[in-house]
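Colleague: model this:
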Amino acid sequence: MKRATRALSVVLTSLAVVMDARAAQLPSRKKVDAVAVGPCVDYGPGFFFIPDLTTCVKLGGSVRAELQYAPARDIYEVSTGAVRTDYTSVYSSSSGTTTLYAPRNFQDETGFDMRGRISFDSRTATDLGDARMFVRLRAASSSGLSNTAIANSYAYSAVGDLATVAAIEAAMVQVANFTFGIAPENYAMMPSFFYHATPWTTFVNGVKQISYTQLLDYGFSATLAMEDRRDHFYGGNVAQASLNGSNFVGNLRLDRPFGFVAAHMLVGFNSNYVKSTGAAPTSYASGFTALGTSSAVESKTHGAFALGLTGNVKLPTGEGDQFWFTTNYANGALGALLSDGGLSNIGTLGTHRLLGGVVRLDANLVPTANSSAASASVESVSGHNFAGAVLHHWSREWRAHINAGYIEMNPPKQIQTAQTAWGRGRLYVLTLGLIYSPLPQFDIGLEVQAARIHNQLQNPTTAFQAAGMPGLMDQNISTKLRAERSF
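Modeller: As a prediction, this is how the structure comes out:
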């Protein structure tokens, strides 16, 4: 107990010294670079040493203020082709009341997102190598457009006028090449510094996992991981559940001075319980057929997998300039292509609401026949993407980034000709950003995202065809203005 009290006293004293030192620097406008101290020099800048604990510690954090604007879009009925004009509240016993809004004049066009992050990083030398503990927490308050989520092939949902949430972005222990906890995902390797959702999957919050990384010769490394499947969840519905709670992920990576290249794969399972109690699953709207039409319950299990290749090249045009590329194929594992949301908004956490028309949200499994329990069938949805990104520094204060990508979803062919369902969906995305840094670790940025979608329907209704099959193609632009200070 005395040793713990003494250690706590040392930590508090050390923090007080650091805070006093930083406070003394506040009146100065000179740039001060954090320098690693003593035994911590190998861990990089910002670490300081706590002698009694033989541990190096680094504190960090950021505060962000963001404003988004995206013009409202018309939402169309897939059953009739009419523009939706109603404002509907749908009650869910599991989540309370969810408000679905469709007409253009009910859609929020602006939204604010304010958030703060704080992180703690510690490194301790042990007989098994360096032991690391890392925690990063986030709190956010958002309103308007920033509270909007894709609600199914029906509309978008308004979460509320104001929402305040807290999240654990990382909480991990790393020792002897093992990682335990919430840590960076091992399949996705593209950058996540963009303001909007990207045409590739990212996991800003990390994923729950147990992983092992082995360093090999000539710059190679190999990682095997068991990750929580729910963190990869994409476009599921109330009648869909995972067979197991984990995906198995692996990658083989080559790091060289000029960049890296990695091959990665994911394997898992989907289990769909074909229910029919008269209510459609939440990801299927009026006009799309539900998973079953009999009172029986039947389990349909399918394997899921994804394969991908990602690379990075450090460009000779200037310090920090880089190019990334990725291409992926998924079958029943759409979370390896996009993080969340659907094709109509690319990703809910980043873009929120973007495209109108017939709002599209795919699921890993969809029904292809449901006339009875005996003939009910469920098949996997496949897809692929390819995308690239460039970061260029014009000067010490100015930098720009760009990404472009293509995503395609391919649902299975419908067995029943009377069953309306999604056909192929194609999404084109272009994002441009410009960032000004008047002070070290202080950014003011503007980012514009443009997207265009081309959808196909299987077995559209006669009324929808008579209306000219509207809403299957749409385009829109979203703009974000952000100010962020980090330490």
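Colleague: now Leu391: how far from Pro460?
Modeller: Separation of Leu391 from Pro460 (Cβ to Cβ, to the nearest Å): 43 Å. Where you see a C-beta, it was placed from the backbone N, CA and C, and this is true even at glycine.
Colleague: ok, now Arg399?
Modeller: 46 Å.
Colleague: before we move on, what about Gln322?
Modeller: 45 Å.
Colleague: and for Gly116?
Modeller: 47 Å.
Colleague: likewise for Gly61?
Modeller: For Gly61 relative to Pro460 (Cβ to Cβ), the value is 51 Å.
Colleague: of these two, who's got more company?
Modeller: Higher neighbour count among Gly61 and Pro460: Pro460, with 20 against 15, using other Cβ atoms under 10 Å.
Colleague: go ahead and confirm Pro438 touches Ile444.
Modeller: Yes: the pair Pro438 / Ile444 is scored as a contact, 7.2 Å apart, by Cβ atoms under 8 Å.
Colleague: got any ranges where the stretch 201-350 of the chain has weak pLDDT?
Modeller: For the stretch 201-350 of the chain, residues meeting the criterion pLDDT under 70 lie at 235-245, 272-300.
Colleague: so where do the helices sit in the stretch 351-487 of the chain?
Modeller: 462-466 (DSSP state H, counting those that start in this stretch).
Colleague: try the chain
Modeller: Along the chain, counting by DSSP state H, helices occupy 2-25, 462-466.
Colleague: mean pLDDT lowest where, among the ones you listed?
Modeller: Of all the helices of the chain, mean pLDDT reaches its minimum on helix 2-25 (a mean of 42).
Colleague: longest strand anywhere in this structure?
Modeller: Assignment by DSSP state E gives strand 421-439 as the longest strand of the chain.
Colleague: by contact count, what packs against that one?
Modeller: strand 365-369, strand 398-410, strand 442-458 (3 or more Cβ pairs under 8 Å, 6 or more residues apart in numbering; DSSP states H and E).
Colleague: the inter-axis angle of the first one versus strand 442-458?
Modeller: Taking axes from the mean of the first three to the mean of the last three Cα atoms, to 10 degrees, strand 365-369 and strand 442-458 form an angle of 10 degrees between their directions.
Colleague: once you drop chain neighbours, what's closest to Ala418?
Modeller: Asn459 (6.6 Å; Cβ to Cβ, 6 or more residues apart in numbering).
Colleague: count of residues packed around the one you found?
Modeller: Asn459 has 14 nearby residues by other Cβ under 10 Å.
Colleague: which residue is nearest the centroid of the chain?
Modeller: With distances taken as Cα atoms, centre = their mean, Ser339 lies nearest the centre of the chain, 3.7 Å away.
Colleague: roughly how far does it sit from Ala167?
Modeller: Distance from Ser339 to Ala167, by Cβ to Cβ: 14 Å.
Colleague: one more: Ile453?
Modeller: Counting by Cβ to Cβ, the gap from Ile453 to Ala167 is 29 Å.
Colleague: likewise for Gln209?
Modeller: 17 Å.
Colleague: going by mean pLDDT, which of the helices and strands packed on strand 421-439 comes out lowest?
Modeller: strand 365-369 - the lowest mean pLDDT of those, at a mean of 77.
Colleague: name every strand pairing with that strand and say which way it goes.
Modeller: Applying DSSP bridges, strand 365-369 is found paired with strand 377-380 (antiparallel).
Colleague: run the chain-centre distance for the strand it pairs with.
Modeller: 26 Å (Cα atoms, centre = their mean, to the nearest Å).
Colleague: CA atoms only: put that strand into CSV for me.
Modeller: In CSV, the C-alpha atoms belonging to strand 377-380 read as follows (Å, rounded to 0.1, in the frame of the first residue of the first chain):
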residue,chain,number,x,y,z
SER,A,377,-33.6,-19.2,-49.5
VAL,A,378,-31.1,-16.6,-48.4
GLU,A,379,-27.9,-15.8,-50.2
SER,A,380,-24.8,-13.6,-49.7
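Colleague: which residues belonging to it are considered buried?
Modeller: 377-380 (16 or more other Cβ atoms under 10 Å).
Colleague: mean confidence for it?
Modeller: 80.
Colleague: cool, stretch 129-143 as well?
Modeller: 94.
Colleague: and it, how far out from the chain's middle?
Modeller: The answer for stretch 129-143 is 16 Å, by Cα atoms, centre = their mean.
Colleague: with stretch 109-127 instead?
Modeller: The answer for stretch 109-127 is 16 Å, by Cα atoms, centre = their mean.
Colleague: so which bits of it are buried?
Modeller: Of the residues in stretch 109-127, those buried (16+ other Cβ under 10 Å) are 111-115, 117, 119-123.
Colleague: could you dump these into a markdown table with pLDDT and distance to His302 added?
Modeller: Formatted as a markdown table, those follow (pLDDT from 0 to 100; distance: Cβ to Cβ, whole Å):
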| residue | pLDDT | distance to His302 |
| --- | --- | --- |
| Gly111 | 93 | 37 |
| Phe112 | 94 | 42 |
| Asp113 | 94 | 37 |
| Met114 | 95 | 42 |
| Arg115 | 94 | 38 |
| Arg117 | 96 | 38 |
| Ser119 | 96 | 39 |
| Phe120 | 96 | 41 |
| Asp121 | 96 | 41 |
| Ser122 | 95 | 43 |
| Arg123 | 93 | 43 |
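Colleague: take those residues and lay them out in a markdown table including distance to Ala70.
Modeller: Formatted as a markdown table, the buried residues of stretch 109-127 follow (distance: Cβ to Cβ, whole Å):
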| residue | distance to Ala70 |
| --- | --- |
| Gly111 | 8 |
| Phe112 | 13 |
| Asp113 | 13 |
| Met114 | 18 |
| Arg115 | 19 |
| Arg117 | 25 |
| Ser119 | 31 |
| Phe120 | 36 |
| Asp121 | 36 |
| Ser122 | 41 |
| Arg123 | 42 |
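Colleague: looking at the residues you listed, which is nearest Ile182?
Modeller: Ser119 (12.5 Å; Cβ to Cβ).
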